[in-house]
Structure formats: structure tokens, C-alpha cells
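S.K.: Here you go, sequence then predicted model.
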Number of protein chains: 2
Amino acid sequence: MSRLDIFINRMVSQRACLNHAAEQTADLPGPVFELGLGNGRTYHHMCEIMPGRDIFVFERAIASHPDSTPPDDHVLLGDVFDTLPAALERFGPTASLIHADLGGHNAQKNVAFARKISPVIEPLLAPGGLMVSSDRMFFTGLTETDLPRDAVPGRCFIYRAG
Amino acid sequence: MSRLDIFINRMVSQRACLNHAAEQTADLPGPVFELGLGNGRTYHHMCEIMPGRDIFVFERAIASHPDSTPPDDHVLLGDVFDTLPAALERFGPTASLIHADLGGHNAQKNVAFARKISPVIEPLLAPGGLMVSSDRMFFTGLTETDLPRDAVPGRCFIYRAG
Ligand SMILES: C[S@@+](CC[C@H](N)C(=O)[O-])C[C@H]1O[C@@H](n2cnc3c(N)ncnc32)[C@H](O)[C@@H]1O
Ligand code: NI
Ligand code: NI
């Protein structure tokens, strides 16, 4: 399996999980959080599949394609270890959908990061809310749920609150 | 269609066209050229599907994933407008497969670039050799060929010499 194969599987799985999670949470009123903007491709996709919903982006430094740059008042700029607790104060446990693609190339570092960030993400979700992640997370109160058929196991994870 | 959809279609089409072209040119003895290394994902894939073949990479500045960095003696470092004519002197018209993914985000610039680089690429191919490109090219002596079934029309192009 080449890096191209792995990358395609990851992108295809992200899309499948986002489509699935958007559908499942369509009736929840709370905001959607995108953790990590990067190039903005998944954000662009989220805007397209959730046109009526409020999407906030958490990012250290905006460097996205102009097509996929969120409005200023929907960016929470800074380190997620600062901006996620601030979001909890601001929004309470109301998020309907949280997507995270924060990892880099180092698998070991990604695991350590996922361990550290999981308890910071967990309290933000509304009951019934879903968390979609490219890395396995370490939640204590969320349940890992089945992937949609077109996702590749191990390339994406979905967790449900409540 | 989101930027994520378009990106997935491009990657999937690159893979399908590379697999197809590698198979079609398996009996040609000449080298394989990768124009534009980038992150190295397609190079990594080419190494995997063409293990016995000599793959040379043309790139201005190497910035690939460590997993996907070609050996020094298989890199032709510099602007392709210099290194491709040099390769013609060194190899003659012997390339069995040329893959190009040199474009950036600006579609208009990509078309202008494709127009300029097409006559520089064209003489390098061996008779029966194939050129796979993410952009439409402007060749005078090569024939555009059908795409494999799993490629998305418009996201990838294949041209045949002779
Ligand atoms: C889109 S990236 C290639 C991505 C690659 N196919 C992959 O899968 O990772 C394009 C690459 O072409 C290189 N490039 C663009 N124009 C070039 C030129 N005139 N001469 C040499 N390299 C060039 C850039 O430096 C960049 O690394
Ligand atoms: Ni767009
Ligand atoms: Ni590898």
C-alpha cells in the first residue's frame, strides 16, 4: 500500500464520516466545530453539506485556500488547549458535531496528542452530538460508533455523546 | 462539489492513470520520469507499482516526506525548463512513462504553464511511451488516449507517443 493509497483512504473516509455525521446530527441546534483548518478542504466540504449550520474553526495560523477561509467571527485563533476551554465557557456543552484532523506525520506524536486533547474536547459535545476524528481518541464518556460503509476502518473514527 | 470532492477525484484519477500507464508500458526498457515531487505521494506510488524500473524525479526544491525522497542520483534538481532539455541530451527519446503534476492553485496559470512545457516534454517519450498529466497538455505529435474506468474525466489526461 503506497502513501498515495493511504492518503486517498483517509480523505475518502473523512468525507464519508462527515457526510454520515452531518446527517445524524441534522436536528441538533448547536454549533459545529472544525479543529484544524489546514488547506481548508474539509472545512469547504462541511460548509457545503451543512449550509444552515454555524461552523466555527479552531486554528493556530490561518493558511487556507482563499475559497475556504472562514469569516473572522467564526475563527477561534490560537492553540486548541487555550481556545477549546474558552469555547466551553462561551458555548457550554452544545456542539452538535466536532471534526478533528490535527495530526501530523509522526504517528507516535499523534497518539500522545490525541491522549492530551481528548479530555479537553469531550465536555463540548451536546447529548447526541458526534465527534469525527482522523486519529483514535481517548474519551471516557463517549462511545465509539460504527463507520459508514464507504469509510476505511482505522482511517477515521466516530464517537457519540450521551 | 466541494474542494474535498475535487481533490479526492484528482488523487483517485492520478492513481488509476498511473496504474494503467505502468501496465501498458511494462515492456518498454526506458526510464520513468516524475515531474514535480511535492510531498512525494505519487512518487511513492510509482516506486511501488514499478519496482524494477528506473524512476527519475524532476523538482525545483525537494520537500517530500522522508519515506518518499528519491536517491540523489535519481533527482534532476532545477527548473524543468532547464532539466528536461538536459535530460533529452542525456537519455534521448527513451522515456517509457512521464507523469506530471506541476500545477498549483491557479487554473489560468496552470494552462499557460502546460502550453509552455508541452513542447519541452514531447520529444522525451519513446515510441509507445505514455504521458500522464493532471492538466490538459498541448502536444502536436502525441495522441490523447482513453482513461481507465476508475479515473474521472477532466481530472487526469493520458497521451501516447508514436
Ligand atoms: C502539486 S506538487 C506535486 C505533488 C505530487 N504529485 C504528490 O503526489 O505529492 C507540484 C510540484 O512541482 C514542482 N514544480 C512546479 N513547477 C516547477 C518547475 N518549473 N520546475 C521544477 N519543479 C516545479 C513544485 O516545486 C512542487 O513540488
Ligand atoms: Ni469552492
Ligand atoms: Ni512508505
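M.R.: Arrived safely. Ligands and ions are numbered 1, 2, ... in the order given.
S.K.: CA-only coordinates of the longest strand anywhere in chain A in PDB, if you can.
M.R.: Assignment by DSSP state E gives strand A:125-133 as the longest strand of chain A. The C-alpha trace of strand A:125-133 is given here as PDB (Å, rounded to 0.1, in the frame of the first residue of the first chain):
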ATOM      1  CA  LEU A 125     -20.400  17.900  22.800                       C
ATOM      2  CA  ALA A 126     -24.100  18.100  23.300                       C
ATOM      3  CA  PRO A 127     -26.000  14.900  24.100                       C
ATOM      4  CA  GLY A 128     -26.400  13.100  20.800                       C
ATOM      5  CA  GLY A 129     -23.500  15.100  19.300                       C
ATOM      6  CA  LEU A 130     -20.900  13.300  17.200                       C
ATOM      7  CA  MET A 131     -17.100  13.600  17.100                       C
ATOM      8  CA  VAL A 132     -15.300  12.600  13.900                       C
ATOM      9  CA  SER A 133     -11.600  12.200  14.100                       C
END
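S.K.: The residue in chain A that ligand 1 sits nearest to - how many residues pack around it?
M.R.: Going by C-beta to the nearest ligand atom, ligand 1 is nearest to A:Leu4 of chain A, at 6.4 Å. The way it works is simple: take the backbone N, C-alpha and C, and place the C-beta from them, glycine included. Residues near A:Leu4, counting by other C-beta atoms under 10 Å in any protein chain shown, number 24.
S.K.: mind checking pLDDT for the residue lying closest to it once chain neighbours are set aside?
M.R.: Closest residue to A:Leu4 apart from its sequence neighbours, by C-beta to C-beta, 6 or more residues apart in numbering or on different chains: B:His45 at 3.9 Å. The per-residue pLDDT reported for B:His45 equals 98.
S.K.: if I pick the closest residue to A:Arg53 other than its chain neighbours, what's in contact with it?
M.R.: In space, A:Arg53 comes closest to A:Val32 once its chain neighbours are excluded; the distance is 5.2 Å by C-beta to C-beta, 6+ apart. Neighbouring residues of A:Val32 by C-beta atoms under 8 Å, 6 or more residues apart in numbering or on different chains: A:46, A:50, A:53-56, A:95-99.
S.K.: for A:Phe56, same thing?
M.R.: By C-beta under 8 Å, 6+ apart, the contact set of A:Phe56 is A:31-34, A:70, A:74-76, A:87.
S.K.: thinking again about what came up before, right, and the helix or strand after the longest strand of chain A?
M.R.: Once strand A:125-133 ends, the next helix or strand along the chain (criterion: DSSP states H and E) is strand A:142-145.
S.K.: what does that next one rub up against?
M.R.: Here strand A:142-145 makes contact (C-beta under 8 Å, 6+ apart) with A:122, A:125, A:130-131, A:157-161.
S.K.: Next: stretch A:108-125.
M.R.: A:33, A:35, A:80-81, A:84-85, A:87-88, A:91, A:93-95, A:98, A:100, A:102-104, A:131, A:133, A:135-142, A:161-162.
S.K.: Could you report the neighbour count for A:Gly104?
M.R.: Around A:Gly104 there are 8 other residues, counting by other C-beta under 10 Å.
S.K.: Need the phi and psi values for the closest residue to it other than its chain neighbours.
M.R.: The shortest distance from A:Gly104 to any non-neighbouring residue, by C-beta to C-beta, 6+ apart, is to A:Asn110 (6.7 Å). Per-residue torsions, A:Asn110: phi -60, psi -40 (degrees, to the nearest 10).
S.K.: same check, this time on the one 10 residues further on
M.R.: The phi and psi values for A:Val120, taken as degrees, to the nearest 10, are phi -80, psi -30.
S.K.: if I look at A:Asp72, how far off is B:Met11?
M.R.: Distance of A:Asp72 to B:Met11, given as C-beta to C-beta, to the nearest Å: 31 Å.
S.K.: Those two: which has the busier surroundings?
M.R.: Legend: neighbour count by other C-beta under 10 Å for A:Asp72 and B:Met11, higher for B:Met11 (22 against 8).
S.K.: List the residues that contact the more buried one.
M.R.: A:4, A:7-8, A:11, B:41.
S.K.: so the host helix or strand of it versus helix A:3-24, what angle?
M.R.: Using DSSP H and E, B:Met11 sits in helix B:3-24. Between helix B:3-24 and helix A:3-24, the angle comes out at 150 degrees (axes from the mean of the first three to the mean of the last three C-alpha atoms, to 10 degrees).
S.K.: per-residue confidence averaged over helix B:3-24?
M.R.: Averaging pLDDT along helix B:3-24 gives 97.
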